[in-house]
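Asks: pasting the sequence and the predicted coordinates here, then a few questions.
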Amino acid sequence: MGKAQKYVLLGDATYPLQDWILKPYQEDKDLTQRQLRFNYRLKRAHSVIENAFLRLKARWQILLKCDDCSLELLPTLVLACCILHNICEAHDNPFNEEWLEGTEPTELPKPCQPAPAAMEDGRAEQVRELMCQYFESCGEG
């Protein structure tokens, strides 16, 4: 769209809109078709992420038992599992669907209450609007 953007994280409606957290438009009857498509695509992206985490936990089941390791070790452990997973994928080491049997899809952690409007970043609306335009220019999918 002619404007450089940094990376963003995907959040749901409970997160505050920030220039680094992309969240859907608030669902109401006044949403445009463009905004509804944006929300739909964001929801699809969330499902891809959830599936990726499910497969990561199934392949590396140590991630199911992280409650017995120190918090300082956790980021390194997750990163190591991601790197090993990518190595397996790069070398065509197949994912065994049976691994999923012991892994339940879990809701990703998120805030219990919607963030107060005061936490919203006004500049972030421009980022979301640019992303909305970009998604629309990509066509269907």
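Replies: Looks like it arrived, so ask away. As the structure is a prediction and not an experimental result, all values here were calculated from the model.

Asks: so what's Leu22 up against?
Replies: 8-11, 42, 127-128, 131 (CB atoms under 8 Å, 6 or more residues apart in numbering). Backbone N, C-alpha and C define where each C-beta goes, glycine included.

Asks: quick one, strands of the chain?
Replies: Using DSSP state E, the strands found in the chain span residues 9-10, 21-22.

Asks: for Lys57, see how far away Glu72 is.
Replies: As judged by CB to CB, to the nearest Å, Glu72 and Lys57 stand 21 Å apart.

Asks: these two: who's more crowded?
Replies: Taking neighbours as other CB atoms under 10 Å, Glu72 and Lys57 compare with Lys57 leading, 21 against 7.

Asks: thought that one was touching His85?
Replies: No: applying CB atoms under 8 Å as the test, Lys57 and His85 come out as separate, 10.4 Å apart.

Asks: give me the phi and psi for Tyr25.
Replies: phi -70, psi 150 (degrees, to the nearest 10).

Asks: neighbours of it, how many?
Replies: Neighbour tally, Tyr25, other CB under 10 Å: 19.

Asks: low-scoring stretches of the chain, by residue?
Replies: 1, 66-67, 102, 104-118, 139-141 (pLDDT under 70).

Asks: in the top helix by length along it, which residues are buried?
Replies: As assigned by DSSP state H, the longest helix anywhere in the chain is helix 33-59. Within helix 33-59, the residues that qualify as buried by neighbour count (16 or more other CB atoms under 10 Å) are 35, 38-39, 41-42, 53-59.

Asks: now, among those, which is nearest to Leu79?
Replies: Leu56 (11.3 Å; CB to CB).

Asks: count of neighbours near Cys82?
Replies: Neighbours of Cys82 using other CB under 10 Å come to 13.

Asks: repeat for Met131
Replies: By other CB under 10 Å, neighbour count at Met131 equals 17.

Asks: tell me the contacts of it?
Replies: Applying CB under 8 Å, 6+ apart, the residues near Met131 are 5, 8, 22, 38.

Asks: roughly how far apart are it and Cys138?
Replies: 11 Å.

Asks: in the chain, which spans are helices?
Replies: 33-59, 74-90, 122-137.
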